[in-house]
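[1] below is the structure, and that's it, no one-letter string:
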Ligand SMILES: Cc1ncc(COP(=O)(O)O)c(C=O)c1O
Ligand SMILES: Cc1ncc(COP(=O)(O)O)c(C=O)c1O
């Protein structure tokens, strides 16, 4: 059962940082309508350095989407906004570490999609506010 | 060139009874929309014996439709209305004497279709007029 | 596949083994040299060599456009294509002019929706059910919105069938069409069609059956069920993709507006207007799928040779066994009717880990797939129904005539492993 | 068929002989042991073994429903089906999301007509031509009647092409759609698409090309012709029946209403409403013709290997020869453009007996058929055009890549016999 390496099942059963965040800079949510997978994320930014301080999530759905997002909460903190925005499909594939069919890849990408969308809105707001 | 036995080509080139009829009892016309074949017929009835006295036609279209109708003008006179009404597809196939595909059979049937339709209307009128 | 005459004497397992030999796909291996266990038949069935050969034969020897050609190939192809309409008609007790070849069930359902649109006015009602496949829901949402007609829904009873009492309430004299699934592609429910047909007709409503999941699996006669329309797909009953049927009562079709215009559906045209061809050609615009239609005829003859009662029995026995075995575990939840006699060969289920946590169907199907087992997971194009089941998705096993008890045993074994792995 | 690299060095006749070997239908005899001379290619073309094998391969090894399945077969089938969209896109310079698989040209044209219907109001104008196939005429008659829009027609010039001056007159700021045939299936005219495209767009009208007779025969690029829509059929270009394409500009498709609803064209549904999937799937409702689509891809690759310029040249040379030889007789009347460079491989004609009496095309085609020669006779689904030619019907010879000069010689010989027989 290659693709469900213990790692994924472990993250699925005991997801990391799986709770809301009181003092989050950003909150966002999305779903994969084909699966019903749903992810909500909280991100705290350090505004001066434009760096992610911490990230939490909640959601439900398949092991792939939940475990990948759980892994992200470990990887993303410490990255700059630009670095997070440039996380690619390939990076996610590596993170998951197992081969994914096109349908399942969408599950794996859901978490990063929500984070990147939230950061994009943050940037757009900065520009609007003339910062 | 089996199906175009000389008979058909002869009837086509020199159709019999190929003219209007001044004192016709019935006049009717129809076309085969798929081919554009068009036949108009004139029939004189002997009302007392309910027998066809004579038949003429005009029209244009393929050799099969025109030749078959030409042949009919020889066959139908002398028949009772009931006899004409009971002429079948098989009878027409025999009259033409050559094998016909379904599409071409429609051409062969056009003439008899017009005659039978005219007779049917004649009968319907008789009933309406209480005869 | 030649069936020996004496029905009861013949061991069903031996019959299924004979049937399997007709399906070349089972001779190959999938993934890492695994046997294919194909349990996704409600999505599409596999094709016997007779059907594949029928396609090849047509394109190798008889390929031609139909109806209009005055040449040999066109005559032969036209005859074969008409004969296919007759064969499909025979399966459901209809005559050729009532059999419209569509590309799939969805086109048939849309054809009826669009034709009806021309007759609807505000206040008219269309009655569907809570079990709809999207294809029998969305076309009617659209025409209701455009015409001001109202959508109403027959509720599901506790026994997981369309509720007759609800039908009696929602179908009224304002109802212009009742359109419901004969068999649910999620719950497996075989719904009470005769009764709903009667209620609809008492109110002078048209009655349409979505037969996508029933025509392939159980004996059906339109004379008994008395629908005005019945839509189904070839690809769910051994035929190639791209071909399906909309049955319509001749008297209803005569008065109905076509969906598509052009080509052979026309009798006569000027620049200003046009008149239509005879049934069923009035509803088959453009060059039809002649090869697919002929192969559909071959598929239907395969099923008729086998006998639809036998098809039903094979699936019934498999379903019965699967459900019995699943009930012996404590981690499988089965959806749909309890009563096996109101159930087709479709079983939706979820599995849980030992803490009662749902193992997501997408994970289940991925893990089954790694063992060569093809099932479907998701909302099965019936999202509102799935939501009403309070689950994000289900796993679905669906059978056809070539499935075996061994395949069920093997699948259950892998499901047990998945359960353990997540526990 | 492997083409040797050096284009010009290769004798075209040898190439055609190589091509013929790919078509199994030419290996059989028709009627009384006659060779098949197939000259009805505008109706449908024959299929090379590569295409037939592609169908067989799919149904033998990869058959599955697409998009939703989380299992091996479904993944492979989905990939193959998407790849087929890309291949067809490559042929006309479009990307995958602009390639909608339909069942035929007729469906594509109807899709656009029905989508447009939602946007039309009285006083709006739709511009067609005097050369329409019924499939590009009747759908617009229907929507014009329903919406109060007006149909207008671009006239035919003396050189038997769509008249640019007429186009400039009839296309106005009220024009919402211009839809015309790239190549006439009766006259063989290759119409000036670039110019009409420009005129349409100057008036902010949508522009659709009926490409049923052009895409199979001449190099086409949507970037150059700039249509908003382009419809064509697989079966007229080596692919199986039941599959075709509607190309649409992505920006236009985004705003356009689908023709059919249900199945995979949906993103999300409640009992009340629904939202649509991404392009092109938004326009492919229900289970698509996966096998047909994949085989369409194979057909397109066959043509791309051959090169569309070479296809055009083969047909050009055959047409040139046929017309030259016909003009040497005194009993053949040819319809369509004089200028061979504005003509595709379609030749409509009538023959007369020595007294100048028309020999009806149905008789001609029956008599040719007795010698194994398949042509078409009638009004070719273009009745109003045929009436304007002042003839009840025409004979039509239409070529494809496997036709030969010998076949032309033989056909002309039989035509001569028919002429004599009727004289
Ligand atoms: C110019 C033209 N348009 C449209 C069509 C319709 O094509 P189909 O029958 O494949 O839908 C044809 C083919 O007959 C044609 O020649
Ligand atoms: C109940 C039901 N209706 C309609 C359909 C649609 O069938 P198709 O995709 O062949 O159009 C399906 C199949 O998915 C179905 O199960």
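    Here it is on my side, so go on. Computed from a prediction, not measured in an experiment: that's the story for all the values here. Numbering: from 1, shown residues only, chains lettered A, B, ... in the order given. Ligands and ions are numbered 1, 2, ... in the order given.
[2] how deep is the closest residue to residue C:263 other than its chain neighbours tucked in, by neighbour count?
    Leaving out its chain neighbours, the residue that sits closest to residue C:263 by C-beta to C-beta, 6 or more residues apart in numbering or on different chains is residue C:286, at 4.2 Å. Using the backbone N, CA and C atoms, a C-beta is placed for each residue, glycine as well. Neighbour count for residue C:286, taken as other C-beta atoms under 10 Å in any protein chain shown: 29.
[3] residue ranges of the strands in the stretch 151-300 of chain C, please?
    C:175-181, C:206-210, C:229-233, C:244-248, C:266-269, C:274-276 (DSSP state E, counting those that start in this stretch).
[4] err, chain A, not the other one
    Secondary structure of chain A (DSSP state E): strands at A:26-32, A:37-46, A:51-60.
[5] can you tell which of the ones you listed is closest to residue D:149?
    strand A:26-32 (41.2 Å; C-beta to C-beta).
[6] so what strands line up beside that closest one?
    strand A:37-46 (antiparallel) (DSSP bridges).
[7] just the mean pLDDT for the partner strand, thanks.
    Mean pLDDT, computed over strand A:37-46, is 94.
[8] next: stretch C:227-237.
    In the prediction, stretch C:227-237 has an average pLDDT of 98.
[9] that one near ligand 2 at all?
    Yes - Stretch C:227-237 comes into contact with ligand 2 (C-beta under 6 Å from any ligand atom), by way of residue C:233.
[10] OK, now which residue of chain C is nearest to ligand 1?
    Among all residues of chain C, residue C:286 sits closest to ligand 1, at 2.9 Å; criterion: C-beta to the nearest ligand atom.
[11] pLDDT score assigned to that residue?
    97.
[12] repeat that for the one 4 residues further on.
    Note for residue C:290: predicted pLDDT of 98.
[13] re earlier: least confident of the strands of the stretch 151-300 of chain C, on average?
    strand C:266-269 - the lowest mean pLDDT of those, at a mean of 87.
[14] tell me if that strand is near chain B.
    Yes - Strand C:266-269 reaches chain B (C-beta under 8 Å from any C-beta of the partner chain) through C:267, C:268.
[15] which residues does that strand contact?
    Contact with strand C:266-269 is made by B:33, C:274, C:275, C:276, C:277, C:278, D:134, D:137, D:138, D:381, D:383, D:384, as judged by C-beta atoms under 8 Å, 6 or more residues apart in numbering or on different chains.
[16] and those, which is closest to residue D:213?
    residue D:381 (11.6 Å).
[17] so who does that closest one touch?
    By C-beta under 8 Å, 6+ apart, the neighbours of residue D:381 are C:68, C:262, C:263, C:264, C:266, D:133, D:134, D:135, D:185.
[18] how about residue C:91?
    Going by C-beta under 8 Å, 6+ apart, the list of residues near residue C:91 reads C:215, C:220, C:300, C:303, C:304, C:308.
[19] go with 10 Å
    With contacts defined as C-beta atoms under 10 Å, 6 or more residues apart in numbering or on different chains, the neighbours of residue C:91 are C:99, C:215-216, C:219-221, C:232, C:237, C:245, C:247, C:297, C:299-301, C:303-304, C:308.
[20] just the buried residues from the residues you listed, in ChimeraX please.
    Selection of buried members from the contacts of residue C:91 for ChimeraX, criterion 16 or more other C-beta atoms under 10 Å in any protein chain shown:
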select /C:99,215,216,219,220,232,237,245,247,297,299,300,301,303,308
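[21] could you pick out which of the contacts of residue C:91 are near chain D?
    Among those, no residue is within reach of chain D (C-beta under 10 Å from any C-beta of the partner chain).
[22] restricted to helices, list the contacts of residue C:91.
    C:297, C:299, C:300, C:301, C:303, C:304, C:308 (DSSP state H).
[23] between those, which sits nearest chain A?
    Nearest to chain A out of these is residue C:299 (C-beta to the nearest C-beta; 28.8 Å).
[24] quick one: the residue of the stretch 51-200 of chain C found nearest chain B and residue D:365, what's the gap?
    Across the stretch 51-200 of chain C, no residue is closer to chain B than residue C:75, which sits at 4.9 Å (C-beta to the nearest C-beta). Using C-beta to C-beta, to the nearest Å, one obtains 11 Å as the distance from residue C:75 to residue D:365.
[25] the more surrounded of the two?
    Ranked by neighbour count (other C-beta under 10 Å), residue C:75 and residue D:365 place residue D:365 first, with 27 against 19.
[26] shared neighbours of residue C:75 and residue D:365, anything?
    B:103, B:104, C:69.
[27] mind checking which of those are in helices?
    B:103, B:104.
[28] so residue C:188 makes contact with residue C:341?
    No - contact criterion C-beta atoms under 10 Å: residue C:188 and residue C:341 do not qualify, at 11.6 Å.
[29] residues contacting the residue nearest to residue A:81 when sequence neighbours are not counted?
    Spatial nearest neighbour of residue A:81, excluding adjacent residues (C-beta to C-beta, 6+ apart): residue A:50 at 4.8 Å. Counting by C-beta under 10 Å, 6+ apart, residue A:50 makes contact with A:79, A:80, A:81, A:82, A:83, A:119, A:122, A:123, A:126.
[30] coming back round to it: would a markdown table of the contacts of strand C:266-269 with distance to residue B:24 be doable?
    Formatted as a markdown table, the contacts of strand C:266-269 follow (distance: C-beta to C-beta, whole Å):
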| residue | distance to residue B:24 |
| --- | --- |
| B:33 | 25 |
| C:274 | 33 |
| C:275 | 29 |
| C:276 | 33 |
| C:277 | 33 |
| C:278 | 31 |
| D:134 | 37 |
| D:137 | 39 |
| D:138 | 38 |
| D:381 | 37 |
| D:383 | 31 |
| D:384 | 34 |
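[31] select only the buried ones of the residues you listed in PyMOL?
    The PyMOL selection below is limited to those of these classed as buried (16+ other C-beta under 10 Å):
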select buried, (chain B and resi 33) or (chain C and resi 274+276+277) or (chain D and resi 134+137+138+381+383+384)
